[in-house]
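Chemist: Predicted coordinates and the sequence they were generated for:
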Protein chains: 2
Amino acid sequence: MTDNDFQQAQNELLEWLAIPSISTLPERAPDVRRAAEWLHAKLEGVGFHTQILETTGHPVVYAELLNAAGAPTVLLYGHYDVQPVDPIGEWTSDPFTPVVRDGEIIARGSTDDKGQVYAHVKALEIMLRDRAALPVNLKILIEGEEEIGSPNLEEFVKAQAERLACDVVVISDGSMFAPGVPTLTTGLRGLCYLEVHVQGASKDLHSGGYGGAVANPIQALAQIIQSLRDGNGQILVSGIYDRVRAVPKVELEGWRKLPFSENQFASSVGVDALPGEPNYSVLERLWARPTLEINGIWGGFAGEGKKTVLPAKAGAKISLRLVPDQSPEEIFELVSAHIMALELPGVRVEVVKLGTGPWALVDANSPAAKLALRALERAYPGKDVAFVRSGGSIPVVSVFSQILSAPVLLVDYGLPDDGAHGPDERFTLECFKKGIEVSGYLYEELASLKV
Amino acid sequence: MTDNDFQQAQNELLEWLAIPSISTLPERAPDVRRAAEWLHAKLEGVGFHTQILETTGHPVVYAELLNAAGAPTVLLYGHYDVQPVDPIGEWTSDPFTPVVRDGEIIARGSTDDKGQVYAHVKALEIMLRDRAALPVNLKILIEGEEEIGSPNLEEFVKAQAERLACDVVVISDGSMFAPGVPTLTTGLRGLCYLEVHVQGASKDLHSGGYGGAVANPIQALAQIIQSLRDGNGQILVSGIYDRVRAVPKVELEGWRKLPFSENQFASSVGVDALPGEPNYSVLERLWARPTLEINGIWGGFAGEGKKTVLPAKAGAKISLRLVPDQSPEEIFELVSAHIMALELPGVRVEVVKLGTGPWALVDANSPAAKLALRALERAYPGKDVAFVRSGGSIPVVSVFSQILSAPVLLVDYGLPDDGAHGPDERFTLECFKKGIEVSGYLYEELASLKV
C-alpha cells in the first residue's frame, strides 16, 4: 500500500462516515439507505458484483467475486449503521463531520464499524489492482441493523443460505486487546435488552398537594433497579447465574498473562475505583460474567430550575450481557418475573423486551483460526497474539455458525478506548493502516484453508 | 355581578392566560414581563395607581388605592408567573391557547394563580364601578417569581416595608377543600429543593466493553434515592423528624370530620393504593408530615430503541415538603450530609441546593380570620367553613407575617384536582364566579377590622 493509497482510503472513509446512518432513529432511515448506496457504489467500482438487498428494515449490501476456482470461500460480515450520538454536547466536533486530528479519525461509526469494514474493502481493492485477482472467493455482507440487534439478519441468512454458503466467516467489529497487540477474539457476550415502564397517577400532580399520599413512580423505579443488582454488580435475580459456565483454566491463565493493569484501565475512563463482583478480575467480569446495566432513565422534570411535580410515570432501559450457557430468552423471563413480583403499591409496572442476542464462542484451535494467527504474526512480527474475549455482543456470530455451519473468525482492528457508542468515537490512523495490512495477509493465508 | 360582567371577566382572564409567563425558563423572560405589563394596564384601567417595580429577576406589579380614610389597609398578594408545561403531550389543548370547555377554563396558570388573582381584580373593579370607592385601603402586590421560590421577594418586601405596611394580607393561591366547601387555610408546608448529580466515567462508555467493571451512575443514583425514603414514604435521613411538631388535637378532630374519602381521593388521581407512612391518615400525611419526592430523573439514553451505553452521568431533582418546626436550611444540611456519607465507589456525587421556603401557620382565631369566616358564610349560606392546611408551600406567607407584622389570610378559590403544575390545568367557571363573590364580601367584612 502506497502513502497515496492510504491517503485516498482516509478520504473515502471520511466521506462514508459523514452519512448519519443511525439505524435506531426512524427519521434517519433515508441516511441509512444513503450509507448503503455509498458502499454499493464503492464495491461496484472495486470490481465486485454488488446488490442492495431489501429486508423489512434497513437494506443489506451484498457483494461477491467468485473467480478463485478451487480456493475456499470467505464471507466478510460487517455493518454500516451506527449508534445515536447522545450526549451530543460532549463531542468536541460534530459526529458526522469527520475529521482527522492527532492521528485519529473522529466520527460516529469510525471504529464501529465503518472504519473496520473499510480496512477490508481497501485491502481487497489493492489486491485486485495489484494482482487482478483475489486468492479466495469472496462474499461480502454488510448490514444496516447491527446497532439495533440485527432483527432481520437471521431471517435473511436463512433465506439466502445457499448464496451465502462459505468456508469461513470473517468479522472485524470489535477491538484489539491494546494498541500494538495483535488479537484474536474467541468469545462474545450475549444480550438481553428491556425497558421498564412505571405508571403512578393518571397524570402529573403537584408535589405539594399530593406528595406523601400518592406513590412516586421514580421512587418505585429506583426500588426496581436496586432490587436487580447490588452495589458490587452482583445480579439479584433468582436463577440468573444457574447456567453460567466456568472459564477453562488454560484460557484464564492466558488472560492473567495479558498486559493489563486494572489501575490503568480505571484511569483511562476517569474513575478511581472499579466496583464489581468480588473474587473476579476485571477481565473475568468483562468477558465471562453476566452483567446488568441501566442504559437510560427518565421521569418527571429534567429541565433547568425547580418544578414541584409528582410525576405520573417513569421508565428505564436495562440490558444484561450474557455468557455461556445463558439463554437470552430465559434471562428475559427471569428478570421480567423478578420485576413483576415486586410489591409496589400504587403503581403499575410493565416490562417490554426490546431485543435479545446470543453469546458466542470461537474455537481457537480450528484450522481457520490457525491461519488467522499466521496473518497476525506476519503483520506484527515477533509479537504474541492475544487470545481474548469481548464484553460486547455480535448476535450474528451464532447466526453464521449455526445456519451456514462455517467457523467464524473475529479479527478486530479497533482499540478498547475508541469510544464506540460514546462521544468522540475514533479510529486511529495506525489501526486503520494495520487493519488494511492484516486484511491482506488474512485473505492470502485463508487461501490455503482445506475445503 | 351581571352575566355580562362575568362573561367579560372570562374574556379578560383568557387573554392574560395566553401569555406564557413561565418564570423558570430563561427564554420566557420577555413573556413574563408581558404578563406583568398586561396586569399593569388592567389595574390602571380599573383605577389603581399602578407601577411595575423591578427586581434582579422578574418584575413585581404593584398597585394601590388608599382613599378609605380610617379604614384598615389590606395587602393582596398573588403571582402572575406559571409552571412549565411538561409533559406537553398530555395536554388535550395547548396550555397557552386558553379555552372554556365543559365549564372549565383550561390553561397553564388558570388556577395557579392568574385565575384566583383575577377573581380579586374583578371584584374590586365591580365595587369601584358600583360604589365609586373601596371599603378598605388596598395595596396589591403580584409577583412573577412564585413558581421559582420567590428568590427576590423577601428582599423586596424588606426594602418596601413602609410602602407595603398593612393590617392584613390576603392570598388566594391554593385550593378549597372540595367543590362547594368554603375553606380557610391555616397552614402551609415548607420546601427544600435540591438536585443530585452523579458522575461515573469521564464519558459515556460501551456497556459491552465496560459493563461489569465500571460503576453505573444511574445505579448509584437509584441507591441514593432508595437510601432517602422507604416504600412507605418514611424518610430515612437521620434527624429529619426531630423537630416535627404534633398537630393540636382539636385541629386533628376537625380534619377527621371533613368530607373526605381516601378511596375517592385515590380514584380521582387514577391509583388503586395510597402507600404512605403507617399510622397517619392521608390528610395528616399531606398537611402535617414531611415528605420527600423525586421530581425528576435523567441519565443515559432515553430515546426510542436500544442504545447499549454505560452512561457517564445521571441526576435527579429531589424536594422535601416541611412542617412546623423544621428548618429548611437545616433539612438541606441533613439530606446533603446523608447523601455525601453514602459509600458509592467509582462515582462522584454532588448535591446542589435549588431553593428553600419556610412552612407557615395561620391563627384561625384572629379577628381578621373571623371576618374572613363571615365573608365565606355570606357566600355559602348554611355551609360549614372547613379549616384545613395545605400540602403546598407559599414561602412568602412567612415573609409577610414576619416583615410586615400583619396576619395573613389564605382564602382559596381553586379545587384540589385543578391540575396545578400538571397537564390540563383548569379553573372551573363556578370557582371563578364564587371567587369574585367571596372577594367582594371579604373586602366588605375586612372594613370592620379594628386598626
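Modeler: All right, it came through fine. Quick caveat, the model's predicted, so the values are computed rather than measured. Numbering: from 1, shown residues only, chains lettered A, B, ... in the order given.
Chemist: per-residue confidence averaged over stretch A:197-209?
Modeler: Averaged across stretch A:197-209, pLDDT comes to 93.
Chemist: Pull out the buried positions in that stretch.
Modeler: Under the neighbour-count criterion of 16 or more other C-beta atoms under 10 Å in any protein chain shown, stretch A:197-209 has A:197-201, A:203-209 buried. C-beta here means a position set from N, CA and C on the backbone, and glycine is covered the same way.
Chemist: Keep only those of those that are in helices.
Modeler: Per DSSP state H, helices hold the following members of the buried residues of stretch A:197-209: A:207-209.
Chemist: Make TSV from the residues you listed and add distance to chain B to it.
Modeler: As requested, these are exported to TSV (distance: C-beta to the nearest C-beta, whole Å):
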residue	distance to chain B
A:Ser207	5
A:Gly208	3
A:Gly209	5
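Chemist: Farthest pair within the buried residues of stretch A:197-209?
Modeler: Spanning the widest gap among the buried residues of stretch A:197-209 are A:His197 and A:Gly208, at 25.8 Å by C-beta to C-beta.
Chemist: So what's the residue count around A:Arg243?
Modeler: By other C-beta atoms under 10 Å in any protein chain shown, 15 other residues sit near A:Arg243.
Chemist: now swap in A:Lys158 and tell me
Modeler: Count around A:Lys158 with other C-beta under 10 Å applied: 13.
Chemist: Pretty sure it sits against A:Ile403.
Modeler: Yes - under the criterion of C-beta atoms under 8 Å, A:Lys158 makes contact with A:Ile403 at 5.8 Å.
Chemist: burial count for A:Glu263?
Modeler: Wrong residue type there; residue A:263 is Asn, not Glu. By the criterion of other C-beta under 10 Å, A:Asn263 has 9 neighbours.
Chemist: What pLDDT is listed against it?
Modeler: pLDDT, A:Asn263: 95.
Chemist: Wasn't it part of a helix?
Modeler: Yes - counting by DSSP: H, G, I helix; E, B strand; the rest coil, A:Asn263 is found in a helix.
Chemist: Check the gap between it and A:Leu286 for me.
Modeler: A:Asn263 sits at a distance of 16 Å from A:Leu286 (criterion: C-beta to C-beta, to the nearest Å).
Chemist: and what of A:Phe432?
Modeler: A:Phe432 sits 25 Å away from A:Leu286, going by C-beta to C-beta.
Chemist: again with A:Leu442
Modeler: Distance from A:Leu442 to A:Leu286, by C-beta to C-beta: 26 Å.
Chemist: Tell me the bridge partners for A:Leu188.
Modeler: Counting by DSSP bridges, A:Leu188 forms beta bridges with A:Ala360, A:Ser390.
Chemist: contacting residues for it?
Modeler: Residues counted as contacts of A:Leu188 (C-beta atoms under 8 Å, 6 or more residues apart in numbering or on different chains) are A:174, A:359-360, A:389-390, A:392-394, A:397, A:410.
Chemist: Find the residue closest to the residue in the stretch 1-150 of chain A positioned nearest to chain B in space, skipping its chain neighbours.
Modeler: Across the stretch 1-150 of chain A, the shortest distance to chain B (C-beta to the nearest C-beta) belongs to A:Thr24, at 3.4 Å. Spatially, and ignoring its direct neighbours in sequence, A:Thr24 is nearest to B:Gly305 (3.4 Å; C-beta to C-beta, 6 or more residues apart in numbering or on different chains).
Chemist: now swap in A:Glu154 and tell me
Modeler: Spatial nearest neighbour of A:Glu154, excluding adjacent residues (C-beta to C-beta, 6+ apart): A:Val399 at 4.9 Å.
Chemist: need the contact list for the one you found.
Modeler: With C-beta under 8 Å, 6+ apart, A:Val399 has these contacts: A:150, A:153-154, A:157.
Chemist: on contacts alone, who are the packing partners of the strand or helix carrying A:Arg374?
Modeler: Using DSSP states H and E, A:Arg374 sits within helix A:367-379. If you count contacts as 3 or more C-beta pairs under 8 Å, 6 or more residues apart in numbering or on different chains; DSSP states H and E, helix A:367-379 packs onto strand A:183-188, strand A:408-411, helix A:429-446.
Chemist: Dump those to TSV, plus mean pLDDT and distance to B:Asp112.
Modeler: Formatted as TSV, the helices and strands packed on helix A:367-379 follow (pLDDT from 0 to 100; distance: least, C-beta to C-beta, whole Å):
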stretch	mean pLDDT	distance to B:Asp112
strand A:183-188	94	54
strand A:408-411	96	60
helix A:429-446	98	58
